[in-house]
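Any chance you could fold what I've pasted below:
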Amino acid sequence: MISGLKEIAKLAEVSVSTVSNVLNGRKNVGQATRERVLKICNEKGYYPNSSNKASKSNTIMFIFSDFDRDYYLQIIKGINHCLLENGYDLVICTNKSSANLIRGNIASGIISLDRNMTDDDLLSFATPHFPIVLMDRLIEEEYANTKSVIVDNYPVMCEMVQALVDNGYKQFGFIGGVEFTLDHKERFSGFLDTLANNDVTFDRRNYFHGDYTENSGYQAAKIMILSNVMPEVLVCANDNMAIGAMKAFEENKIRVPEDISVAGFDNSDAAIMAGLTTIAIPRYESGYLAAKELLAMIKGATSREPVKLSATIQWRKSVKQVKKYEFLLKNK
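As a prediction, the model looks like this:
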């Protein structure tokens with residue numbers, strides 16, 4: 001279906017989401033555009049496939065793309081528990097197989113945590129009878145049958161960076177995630193804005209690209225070491241990259257936190273074992289809520305307001321004691 005929609009969109013000189021809106025009878029498309037799209041569909045013999053029909057399946061599909069991040073198991077547990085309570089089954093797949101499964105009409109809806117699927121891809125599937133809940137992603141399409149369950153990354157990152165500034169840190173480094181993802185954008189914005197609000201200059205030489213994997217954090221730290229420009233504290237967009245950086249520091253006899261403090265984001269099991277200061281996200285709860293919201297949409301709920309989950313800081317030994325949280329650190 002996606003390839004067909006893209007072809008129609010290209011010929012009509014509109015977006016894939018516009019073609020999807022036309023084919024699903026939504027009213028947010030001008031009459032001239034609607035007629036042009038339908039005319040091209042007729043000429044090409046293209047008609048919506050079975051995924052546009054109401055599905056009677058009691059199956060929900062969870063699609064994701066990254067096997068390296070261990071918190072997926074907690075999300076899946078949350079999704080599965082909610083579905084079991086409501087008499088639904090769960091199918092788990094990656095984006096390479098999910099498009100074919102969606103076309104096969106085996107599920108009543110999707111929970112998506114797949115950064116490899118574009119917004120247009122997802123919108124092409126989100127018909128009035130086939131809702132999609134998006135995790136860690138926002139799609140601003142008023143008439144799309146989608147809803148987002150996201151972490152409120154920005155305020156908690158601001159809180160952590162403010163505590164670091166209050167403790168006297170002035171030289172900061174940052175390892176970012178995949179830059180188009182919502183998580184990276186919000187976490188990096190919170191980091192930068194808090195430094196700016198405190199008149200702390202961020203040296204862009206201390207910004208390093210990552211992709212959320214441990215290896216990308218390891219490589220970023222190696223480059224940092226070779227550059228001979230070491231910040232006082234390194235904030236990472238997730239735990240995997242922070243742990244990779246800590247391994248590189250250890251190999252080069254750079255002590256954490258004596259020589260450099262390190263903080264992550266996620267509160268993975270590996271972070272707990274490594275004594276990594278991080279931000280804890282309620283992953284099980286996010287999966288449960290995503291499933292709950294999807295079931296409500298299947299039953300006709302119309303609210304599209306995103307669900308935002310709060311996160312909390314976990315201060316541990318990878319950061320030198322932050323004065324206002326010393327009592328927490330003593331218990332770690």
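
what ranges of the chain fall below the confidence cut-off?
Scanning the chain for pLDDT under 70 picks out the ranges 1-4, 24-27, 42, 44-56, 66-70, 95-101, 103-104, 142-143, 322-332.

who's sitting farthest from the centroid in it?
Computed with C-alpha atoms, centre = their mean, the residue of the chain farthest from its C-alpha average is Glu43, at 39.1 Å.

how about the strands in the stretch 1-150 of the chain?
Along the stretch 1-150 of the chain, the stretches classed as strands by DSSP state E, counting those that start in this stretch are 59-64, 89-94, 109-113, 132-135, 146-151.

Turn those into TSV, columns for distance to Cys158 and mean neighbour count.
Quick note: C-beta positions are derived from backbone N, CA and C, even for glycine. Putting the strands of the stretch 1-150 of the chain into TSV (distance: least, C-beta to C-beta, whole Å; neighbours: other C-beta atoms under 10 Å) gives the following:
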stretch	distance to Cys158	mean neighbour count
strand 59-64	28	23
strand 89-94	34	16
strand 109-113	25	26
strand 132-135	22	25
strand 146-151	14	22
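
could I get those strands as TSV with distance to Met273?
Formatted as TSV, the strands of the stretch 1-150 of the chain follow (distance: least, C-beta to C-beta, whole Å):
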stretch	distance to Met273
strand 59-64	24
strand 89-94	26
strand 109-113	24
strand 132-135	25
strand 146-151	22
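
quick one, which of those is nearest to Thr194?
Relative to Thr194, the nearest member of these by C-beta to C-beta is strand 146-151, separated by 17.3 Å.

That closest one pairs with which strands, parallel or anti?
Looking at strand 146-151 with DSSP bridges, its partner strands are strand 132-135 (parallel), strand 307-309 (parallel).

what residue is smack in the middle of the protein?
Central residue of the chain (C-alpha atoms, centre = their mean): Asp136, at 3.1 Å.

was I right about that residue contacting Lys185?
No - here Asp136 lies out of contact with Lys185, judged by C-beta atoms under 8 Å, at a distance of 10.7 Å.

re the thing from before, ok, the residue nearest to the centre of the chain - contacts?
Applying C-beta atoms under 8 Å, 6 or more residues apart in numbering, we find Asp136 in contact with Leu113, Ile150, Val151, Thr181, Leu182, Asp183.

Quick check: bridge partners of the third one?
With DSSP bridges applied, Val151 shows beta-bridge pairing to Leu309.

any idea how far Gly173 is from it?
Distance, Val151 to Gly173, by C-beta to C-beta, to the nearest Å: 23 Å.

what's the answer for the second one, then?
With the distance defined as C-beta to C-beta, Ile150 ends up 26 Å from Gly173.

and what of Phe130?
For Phe130, the distance to Gly173 (C-beta to C-beta) stands at 44 Å.

in what helix or strand does Ser189 lie?
For Ser189, the host element (DSSP states H and E) is helix 182-197.

How about residues contacting that helix?
The contact list for helix 182-197 (C-beta under 8 Å, 6+ apart) reads 136-138, 150-151, 153-158, 161-162, 165, 172, 174, 176-179, 201-202, 235, 237-238, 265.

among those residues, which are in helices?
Using DSSP state H, Asn153, Tyr154, Pro155, Val156, Met157, Cys158, Val161, Gln162, Val165 are the members of the contacts of helix 182-197 that sit in helices.

Could you verify my assumption that the fifth one touches Ile279?
Spelled out, that is Met157. Yes - judged on C-beta under 8 Å, Met157 makes contact with Ile279 at a distance of 7.2 Å.

quick one: which of the two has more around it?
Neighbours per residue (other C-beta atoms under 10 Å) separate Met157 from Ile279, with Met157 holding more: 26 against 23.

where's that one relative to Val200, distance?
When Met157 is compared with Val200 (using C-beta to C-beta), they lie 15 Å apart.

Same question for Glu305.
35 Å.

same thing with Phe180?
According to C-beta to C-beta, Phe180 and Val200 sit 27 Å apart.

Settle it for me: which of these two has more neighbours?
Val200 (15 against 9).

who's in contact with that one?
Under the criterion of C-beta under 8 Å, 6+ apart, the neighbours of Val200 are Val165, Lys170, Phe172.

how does it look with 7 Å?
Val200 sits next to Val165, Lys170 when contact means C-beta atoms under 7 Å, 6 or more residues apart in numbering.

other SSEs contacting the helix or strand in which Tyr284 is found?
Secondary structure assigned from DSSP H and E places Tyr284 in helix 283-298. Taking 3 or more C-beta pairs under 7 Å, 6 or more residues apart in numbering; DSSP states H and E as contact, the helices and strands that helix 283-298 lies on are helix 72-85, strand 109-113, strand 132-135, strand 146-151, strand 307-309.

Nice, that's everything, thank you.
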